[in-house]
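> Here is a sequence together with a model predicted from it:
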Amino acid sequence: MKVCKGNIPSGSLTEGYLPVDYSDVYVCQVDDLKDITPDDIMVSFWTAMPKWVDNLFKLRNLLVKPLGLKTEEESKFADLERCIRTGGEAGMVSVPGKSHDETILKLTDKHLTAYISVYIEGRRNVYATTLVSFHKKIGYMYFYTIYPFHHIVVRRLLKSTMERLTGK
């Protein structure tokens with residue numbers, strides 16, 4: 001299963017959130033998604049992380065708390081899944097957009113707003129899009145501090161999520 005850089009797919013709900021300060025798109029090609037939905041992918045993406053990614057998030061939370069950035073507790077996985085599947089909010093996370101082919105998660109902080117989209121195209125291509133708008137200089141500094149890890153984490157999470165869900 002291969003993950004590579006891509007472009008925002010035509011017709012994606014994320015087009016409604018442009019322009020932003022930063023964006024990237026990763027695409028994973030699969031044989032057949034069968035009945036896997038964008039919600040299934042988004043839930044698995046956020047609730048079944050490899051241990052090394054979970055540890056990176058714990059380190060991130062430890063480092064950013066003194067800066068006033070929000071952190072989430074692990075015990076909120078059930079709330080996050082409910083939020084993704086039904087819409088609404090769970091802590092700093094909300095679902096501002098949903099369609100048959102796409103689910104968008106919004107992470108809001110006073111320093112930045114990030115949108116993470118999972119979009120399925122033709123039952124064969126899964127797009128993971130990240131959009132970020134900075135509200136304050138600390139949001140910019142925070143994002144570009146984690147930027148080197150962002151690419152690695154998104155690629156690996158997308159690949160491992162798709163392998164887990166498709167059984168390949």
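Alright, I've got the coordinates. Residues are numbered from 1 along each chain as shown.

> Pull the number of nearby residues for S99.
Close neighbours of S99, defined as other C-beta atoms under 10 Å, add up to 13. Backbone N, C-alpha and C define where each C-beta goes, glycine included.

> doesn't G16 make contact with it?
No: here S99 lies out of contact with G16, judged by C-beta atoms under 8 Å, at a distance of 11.4 Å.

> Please pull up the helix or strand immediately following the helix or strand where S23 lies.
For S23, the host element (DSSP states H and E) is strand 22-29. Next along the chain after strand 22-29, taking DSSP H and E as the criterion, comes helix 38-47.

> average pLDDT for the strand holding S23?
Across strand 22-29, pLDDT averages out at 97.

> Secondary structure class of K159, three-state.
Using DSSP: H, G, I helix; E, B strand; the rest coil, the structure places K159 in helix.

> Does it touch M1 like I think?
Yes: counting by C-beta under 8 Å, K159 touches M1, with 5.8 Å between them.

> Overlap in contacts, those two.
Residues touching both K159 and M1 by C-beta atoms under 8 Å, 6 or more residues apart in numbering: C28.

> Specify the beta-bridge partners of the spatially most central residue of the chain.
Residue closest to the average C-alpha location in the chain (C-alpha atoms, centre = their mean): I116, at 3.9 Å. Assessed by DSSP bridges, I116 has beta-bridge partners L105, T130.

> Go ahead and confirm it touches T129.
Yes: when contacts are counted by C-beta under 8 Å, I116 is listed as touching T129 (7.2 Å).

> all helices of this structure, in order?
38-47, 51-64, 77-86, 137-166 (DSSP state H).

> Tell me which of the ones you listed sits nearest to H111.
Checking those against H111 by C-beta to C-beta gives helix 137-166 as the closest, at 3.4 Å.
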